[in-house]
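S.K.: 3D model of this:
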Amino acid sequence: MSYPVLSKVSYFLAHVPDLLAECGLTQRLERVKNPQGDYIKGFKNSLRGYGEAVGYAPNQVFIGNLSPDDLKGIPRPWYLNPVPGAGRRGRFGEIMPEDEFFGVMKIVDSFELVSLERGFTAEVKRALEGHPLFSAEELKRLGDGVEPGPVEELIGSGTAVPLTLDGRLVGCVKRAHDWDENLSAHVMAENTATKASAVMAGKHLLAEGRENEIEYIIECSEEACGDMYQRGGGNFAKAVGEMCGCRAATGSDTRGFCAAPNHAIMQAAALVQAGVFSSVMVIAGGSAAKLGMNGRDHVAKGVPLLEDVIGGFALVVKQNDGVSPVIRTDLIGRHRIGSGASPQAVMQAIVSDPLERGQMKIKDIDRYAAEMQNPEITEPAGAGDVPRANYRMIAALAALRNEIERSAIQEFVEQHGIPGFAPTQGHIPSGVPYLGHAREDIVGGRIEKAMIISKGSLFLGRMTNLFDGVSIILQRNDGGSEPGEYSGSKAELKAVLAAALRQAAESLIDADRKGG
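M.R.: Predicted structure coming up:
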C-alpha cells in the first residue's frame, strides 16, 4: 500500500480582547453570578494590547516565526520577554487584530446576522483592502454598514450581542430565531467566530490557488451548529469550504472534544488511502466560549489574560507525493472502550501499543506532541505544565519497559518532548500545533518520525465516563514507496521479479557446482 501524506499545514490567531469580555464563558457567568465582584470590575485592566499579543513568543511559534525549541532559550515569564521585531505574519499563518476579525465575521455571515456600524465598516474595509487573501468581490460582502441607532436598539432588547472595540460599540450579532436557544445571539456569535477563524486558516492553506484540488473537508472544532431539532447537525465543513472557494469539495463535521483533530486526520488519511478522495482538508476554527477561561486565576495571580486569542488550523492530506511525511495508517494508536482510564493505561493504548505493532521502541519516535497547552496559561490555574506531564508519563512507560534507564527520564523529556505553546482552545492544542513544524523537521531531515497525540474528556458531555485518545505517526517519505513495496507498473514488477528469480537460480546452480 502507499501511505497518504501530510501535504501542507496552516494556522491562524485573532487577538480578540473585546470578544473575550463579551463571549468568554467565564466572563459571562461572572456577570450573572457575581456582577459586583472584583473580577468583573477589574479584569479589563489585565487585557493585553495587540502588539503584546503579537510579540508573545508562544504566538510566534504558533504561526511559524519561531520553532518550539526556541522557547527554551527565552526566559520566562514569556509575557515579560517579548520577541524583538515580532511580525504579524509567519510562514504558517498570521495573528489578526480584532477590528479586521470583526470584518471577517461579517464577510462569512450568510444570513445578515452580523451588523457593523457604518463608520467602522469603512475603516475595516480599508484595513482588509491591504490583506493579500481577500478579493474586491469578497470585500463587497461588508456592505455599507448601518447606523448606530438600530444596533443599540437590538442590544437593548436583548436580541443581539454587542461587538465593541476599545469601549466603542461597532456592531452586533443578532439572534437567528425568536425562540430557539440554539440560534440565540450568543450562540450565533460563537459559531460565526468559529467559522471566521476556520475560514482564515483555510485561506492561508489555499493561498497558492489550490482550492479546487480539495475534494473533501472534515471540520473538527469543538463548536456545533444546528437548531432545536438537531443541536449538532452541522455542517461547518461545507460552510467554511464555501467561503474558501472549494467548489469541488463536499464535507462533514467530526466531533470528539479535544481528540477530534486526530480522529479527523485519521479519517482523512483513510479516505485518501482507500482512493475515495485524492485530497482532503482537515480544518477547525476556535472557541469563543473558552476565551478568558482561566481569567479568574490569572487576574488573582497578576498574570495578563493570555487566553485572548481565538485560534484555527487547516491541513491537507493527499496521495503520496514522494516528499511530504507519510501518515502511518497501520500504526494508529487508539484508546479503546475497554482500555481503562489510568495514565499508564492511556499511554499504553495510544503510545506503546501502536509502536509494538510497528516493531518500534518508544525512543524510536524523535518527537512527541501531546496536549500542547501553553504552561503560562495552565500553571496559574493549578493544572501545571500539561505537555511536560505527558512526556514524563511516556518516559516512565519507556523506563518500565526497560527501554531507557529511570535516571534518563528527564533527558528523554527534554530530547523527545515539544514545549507547550498553544492557546487553551480545547481541540487546538491537541498535538496539531506541532504538525507544521513536524512536517518541516521531517522533510528537512532533522528528525525521522513524530507522534501526534490527542486526548479527549468524553465525560464532559454527561453521556459517558469514558476517556478518549488517538495518536498518529508521521514518518519520513522514502520517495513515494513504502518499505518493501514496489511502486512501478505490473509489467515492470514482473520483469523485476523474473530477473530476481533468474539471479537466485544462477546463484544456486553456481553454489551447487562449487560444492560438488
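
S.K.: hey, let's count contacts and neighbours off CA atoms from now on
M.R.: OK.

S.K.: Let me know the average pLDDT across stretch 203-218.
M.R.: Averaging pLDDT along stretch 203-218 yields 94.

S.K.: One more: stretch 118-137?
M.R.: Computed over stretch 118-137, the mean pLDDT rounds to 97.

S.K.: Give me the nearest residue to residue 77, chain neighbours excluded.
M.R.: Excluding the flanking residues, the one nearest residue 77 by C-alpha to C-alpha, 6 or more residues apart in numbering is residue 376, at 7.2 Å.

S.K.: Mind listing residues that contact whichever strand or helix holds the one you found?
M.R.: Assigned by DSSP states H and E, residue 376 belongs to helix 375-378. Around helix 375-378, the neighbours that count as contacts under C-alpha atoms under 8 Å, 6 or more residues apart in numbering are 77-78, 294, 298, 306-307, 384-386, 420-421, 423-424.

S.K.: Which members of those residues are classed as buried?
M.R.: Listed as buried from these are 294, 298, 306-307, 385-386, 420-421, 423-424; burial here means 16 or more other C-alpha atoms under 10 Å.

S.K.: ok, so of these, who is nearest residue 83?
M.R.: residue 421 (14.1 Å; C-alpha to C-alpha).

S.K.: May I see the buried residues of the host helix or strand of residue 410?
M.R.: When secondary structure is defined using DSSP H and E, the element that contains residue 410 is helix 409-416. Within helix 409-416, the residues that qualify as buried are 409, 412-414, 416, counting by 16+ other C-alpha under 10 Å.

S.K.: Narrow the contacts of helix 375-378 to those in helices?
M.R.: 298, 386 (DSSP state H).

S.K.: Now render the contacts of helix 375-378 as TSV, adding distance to residue 152.
M.R.: As requested, the contacts of helix 375-378 are exported to TSV (distance: C-alpha to C-alpha, whole Å):
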residue	distance to residue 152
77	41
78	40
294	30
298	32
306	30
307	28
384	43
385	44
386	43
420	42
421	39
423	33
424	32
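
S.K.: And the strands in the stretch 301-450 of the chain?
M.R.: Ranges of strands in the stretch 301-450 of the chain, per DSSP state E, counting those that start in this stretch, are 309-318, 326-327, 333-334, 367-370, 449-457.

S.K.: Against which helices or strands is the helix or strand just after the last one packed?
M.R.: Using DSSP H and E, the helix or strand that follows strand 449-457 in sequence is strand 467-475. Packing partners of strand 467-475 (3 or more C-alpha pairs under 8 Å, 6 or more residues apart in numbering; DSSP states H and E): helix 260-273, strand 326-327, strand 333-334, strand 449-457.

S.K.: So which of those is the most surrounded?
M.R.: Most buried of those, by mean neighbour count (mean count of other C-alpha atoms under 10 Å): strand 326-327, with a mean of 29.

S.K.: Quick one: distance of that strand to the chain centre.
M.R.: Relative to its chain's centre, strand 326-327 lies at 18 Å (C-alpha atoms, centre = their mean, to the nearest Å).

S.K.: For the residue nearest to residue 98 when sequence neighbours are not counted, grab the count of nearby residues.
M.R.: In this structure, residue 98 finds its nearest non-sequential neighbour in residue 16, 5.0 Å apart by C-alpha to C-alpha, 6+ apart. Each residue near residue 16 was counted by other C-alpha atoms under 10 Å, and the total is 26.

S.K.: contacting residues for residue 16?
M.R.: The contact partners of residue 16, by C-alpha under 8 Å, 6+ apart, come to 97-98, 308-310.

S.K.: just to revisit the earlier point, quick one: the helix holding residue 410 to chain centroid distance?
M.R.: With C-alpha atoms, centre = their mean, you get 25 Å for helix 409-416.

S.K.: which other residues reach that helix?
M.R.: By C-alpha under 8 Å, 6+ apart, helix 409-416 touches 363, 365-368, 388, 391-392, 395-396, 399.

S.K.: Inside helices: which ones of these?
M.R.: Counting by DSSP H, the contacts of helix 409-416 place 388, 391-392, 395-396, 399 in helices.

S.K.: buried subset of those?
M.R.: Using 16+ other C-alpha under 10 Å as the burial test, those include 388, 391-392, 395-396, 399 as buried.

S.K.: quick one on the thing from earlier: format the strands of the stretch 301-450 of the chain as a markdown table; extra columns: distance to residue 133.
M.R.: Shown next, in a markdown table, are these (distance: least, C-alpha to C-alpha, whole Å):
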| stretch | distance to residue 133 |
| --- | --- |
| strand 309-318 | 15 |
| strand 326-327 | 29 |
| strand 333-334 | 37 |
| strand 367-370 | 30 |
| strand 449-457 | 30 |
